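Peer 1: The following comprises the amino acid sequence and a computationally predicted model.
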Amino acid sequence: MFKLIIFLLFFNLYSFGPQKSVEQCLKAIEKEPQNADLYIELGEAYLRNDDYENSQKAFNKAIELNPKKADAYYGLSKIYYEKKDYKNALDYALIAENLLKFKAQYKSQVGLIYYKLGEIDKAVEYFKTAIAIASGKKAFYYSMLGNCYIKQGKYNEAIEMFNKVLEEKPWDKRAYADIARAYYKSGNKDKGDEYKALAGDAWRGLEEKEEKYTRSKGWALYKEKKYDEAIKIFETDSKREPNNPDPLIGLAYSYLKKEDFKKALNYADKAVKVASDYSRSYSARGMIYERLNQTNNAIQDYKKALNLDSDDQFAREQLSKILFKSKNYIEAEIYLKSVIENEPDNLFFLKMFGNTLISLKKYKEAYEVFIKCLEIAPADEKSYIKNRLAYSGFMLGTQLENESKTNESLEIFKKVSDLAGDTDYGKSAAQKLGR
């Protein structure tokens, strides 16, 4: 009898609309009120109807009847995920995954939540595991792993994953769009254009998705430094679109400009709560923490922003500056390299990079950076740069001299003397040459 009820239940779930499926579940439960599986199906039916409250009650009832029903915890995880409460979503997903360790669907759910939380390394491991244990179709897992790789800047690996999606679903235009996106981010415009053409409408859909939230008109006033007027627009937009972080970010920045740090931080916190998967929410809060001299909090938020969007150059630049200022030169070097890859002629960050390398006693690299600085610097900057070039070059020449690399050291001393002979270390280099 039980098998017949389950068969009829599944038949009705997929044969009628969401409300009918709820009715069928309720009828089945009337006959077997202690059956946890029926409450799980009821929870799923409510969930398809976006009735989170009743769905949650049904899943909780299933757990009450049988605390080891993994699908009930999985259902609760999906509810919290839809509500963007990723912390609770993760807690329930991990319970489900621990109860049934070899179910790819649960691994994927955990990976998806870690992805939303910006913990990309963890997401990668869970999607890899889902792929390894899945017995059926794996396209979604490949796609999400590809998206993780894009976040990590591993574009070749991302392209490989999206191609695996196409092996299962050769008609999937979105996979072509994802490949195009990976090629563009890797700097291969020709291949990007090729796959963009293959993607067709899917690319246009992707472009729309990339512009994730509506931009408030308040930003135009903000740029004109009309902060009070901008605040009024941001407030109106925030009330109209309570789930859009953009006007909240605008309010945070506007109050920051007015040096009302309490209100600025309050709105930044709200932006993070509304969109914990949006890098700009964390960048904004990081900036406010920085102004409040809460260095560790600022660093964490900037890193979070970059985990969510590896192309967030603002977060990368701010993080580089704050790490340098904090004398955390090892990490500063990593982020400054990335800044300069995107802005190779940015003199401000080139100087910071060179000084970071000096602090790390990497004199050869520092010397090369300051030579580049000297080539692009305006006249009023050249004196400072010559001094840094001379110091790093002299220290490099001395290192080579101590390693008995006489010819190489003399070559460096000569170049330092030629380029910066009017500086103290330039004169010292000349003395090494007997000049």
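Peer 2: Arrived safely, thanks for sending. Numbers count the residues shown, from 1 in each chain.
Peer 1: where does the residue sitting nearest the centre point of the chain fall, phi/psi-wise?
Peer 2: Nearest to the mean C-alpha position of the chain, by Cα atoms, centre = their mean, lies Leu308 at 1.2 Å. With angles defined as degrees, to the nearest 10, Leu308 sits at phi -80, psi -30.
Peer 1: Would you agree it is in contact with Ser279?
Peer 2: Yes. In this structure, Leu308 is within contact of Ser279 by Cβ atoms under 8 Å, at 4.2 Å. Glycine gets a C-beta too; all of them are placed from N, C-alpha and C.
Peer 1: residue ranges of the helices in the stretch 1-150 of the chain, please?
Peer 2: In the stretch 1-150 of the chain, the segments counted as helices under DSSP state H, counting those that start in this stretch are 2-15, 18-31, 36-48, 52-65, 70-82, 86-99, 104-116, 120-133, 139-151.
Peer 1: returning to what we had before: roughly how far apart are the residue nearest to the centre of the chain and Lys185?
Peer 2: Computed as Cβ to Cβ, to the nearest Å, the Leu308 to Lys185 distance reads 15 Å.
Peer 1: Just the C-alphas of the top helix by length along the chain, formatted as PDB.
Peer 2: Assignment by DSSP state H gives helix 382-402 as the longest helix of the chain. Only the C-alpha atoms of helix 382-402 are listed here, as PDB (Å, rounded to 0.1, in the frame of the first residue of the first chain):
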ATOM      1  CA  LYS A 382      62.100  62.000 -11.100                       C
ATOM      2  CA  SER A 383      64.200  63.100  -8.100                       C
ATOM      3  CA  TYR A 384      62.500  60.700  -5.700                       C
ATOM      4  CA  ILE A 385      62.600  57.900  -8.100                       C
ATOM      5  CA  LYS A 386      66.300  58.400  -8.900                       C
ATOM      6  CA  ASN A 387      67.000  58.100  -5.100                       C
ATOM      7  CA  ARG A 388      65.000  54.800  -4.900                       C
ATOM      8  CA  LEU A 389      66.600  53.500  -8.100                       C
ATOM      9  CA  ALA A 390      70.000  54.300  -6.800                       C
ATOM     10  CA  TYR A 391      69.500  52.700  -3.400                       C
ATOM     11  CA  SER A 392      68.000  49.400  -4.800                       C
ATOM     12  CA  GLY A 393      70.700  49.300  -7.600                       C
ATOM     13  CA  PHE A 394      73.500  49.900  -5.200                       C
ATOM     14  CA  MET A 395      72.200  47.200  -2.800                       C
ATOM     15  CA  LEU A 396      71.900  44.800  -5.800                       C
ATOM     16  CA  GLY A 397      75.400  45.600  -6.900                       C
ATOM     17  CA  THR A 398      76.700  45.000  -3.400                       C
ATOM     18  CA  GLN A 399      74.900  41.700  -3.200                       C
ATOM     19  CA  LEU A 400      76.500  40.600  -6.500                       C
ATOM     20  CA  GLU A 401      79.900  41.800  -5.300                       C
ATOM     21  CA  ASN A 402      79.600  39.700  -2.200                       C
END
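Peer 1: list the helices and strands that helix packs on?
Peer 2: The contact analysis (3 or more Cβ pairs under 8 Å, 6 or more residues apart in numbering; DSSP states H and E) places helix 382-402 against helix 347-359, helix 363-376, helix 406-420, helix 424-432.
Peer 1: Now mean pLDDT too, for the ones you listed, in CSV please.
Peer 2: Formatted as CSV, those follow (pLDDT from 0 to 100):
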stretch, mean pLDDT
helix 347-359, 95
helix 363-376, 94
helix 406-420, 93
helix 424-432, 92
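Peer 1: Nearest to Gly118 among those helices would be which one?
Peer 2: With Cβ to Cβ, the closest approach to Gly118 among those belongs to helix 347-359: 24.1 Å.
Peer 1: what comes up buried for the closest one?
Peer 2: Buried residues in helix 347-359, counted by 16 or more other Cβ atoms under 10 Å: Phe349, Leu350, Lys351, Met352, Phe353, Gly354, Asn355, Thr356, Leu357, Ile358.
Peer 1: quick one, what contacts the closest residue to Thr129 other than its chain neighbours?
Peer 2: Closest residue in space to Thr129, ignoring its immediate chain neighbours: Lys107 at 4.8 Å, by Cβ to Cβ, 6 or more residues apart in numbering. Residues near Lys107 by Cβ atoms under 8 Å, 6 or more residues apart in numbering: Glu97, Tyr126, Phe127, Thr129, Ala130, Ile133.
Peer 1: Mind pulling up the pLDDT for Lys107?
Peer 2: At Lys107, the predicted lDDT confidence score is 93.
Peer 1: ok, now the one 4 residues further on?
Peer 2: The predicted local confidence for Gly111 comes out at a pLDDT of 94.
Peer 1: Contacts only, for it.
Peer 2: Neighbour list for Gly111: Lys122, Ala123, Val124, Glu125, Tyr126, Phe127, Ala130, Tyr141, Met144, Cys148 [criterion: Cβ under 8 Å, 6+ apart].
Peer 1: Roughly how far does the nearest residue to the first one once chain neighbours are set aside sit from Glu331?
Peer 2: Meaning Lys122. Using Cβ to Cβ, 6+ apart and skipping residues adjacent in sequence, the residue nearest Lys122 is Tyr114, 4.3 Å away. Counting by Cβ to Cβ, the separation of Tyr114 from Glu331 is 23 Å.
Peer 1: Between these two, which is the more surrounded one?
Peer 2: Between Tyr114 and Glu331, counted using other Cβ atoms under 10 Å, Tyr114 has the larger neighbour count: 22 against 16.
Peer 1: Find me the pLDDT at that one, would you?
Peer 2: On the pLDDT scale, Tyr114 gets 92.
Peer 1: that older thread, how much space between the residue nearest to Lys122 and Gly146?
Peer 2: Separation of Tyr114 from Gly146 (Cβ to Cβ): 15 Å.
Peer 1: now Pro247
Peer 2: As for Pro247, its distance to Gly146 is 32 Å (criterion: Cβ to Cβ).
Peer 1: okay, the two: which has more neighbours?
Peer 2: Pro247 (29 against 26).
Peer 1: how does this structure divide up, domain by domain?
Peer 2: For the chain, the structural domains run 2-174, 212-328, 344-435, going by automatic domain parsing.
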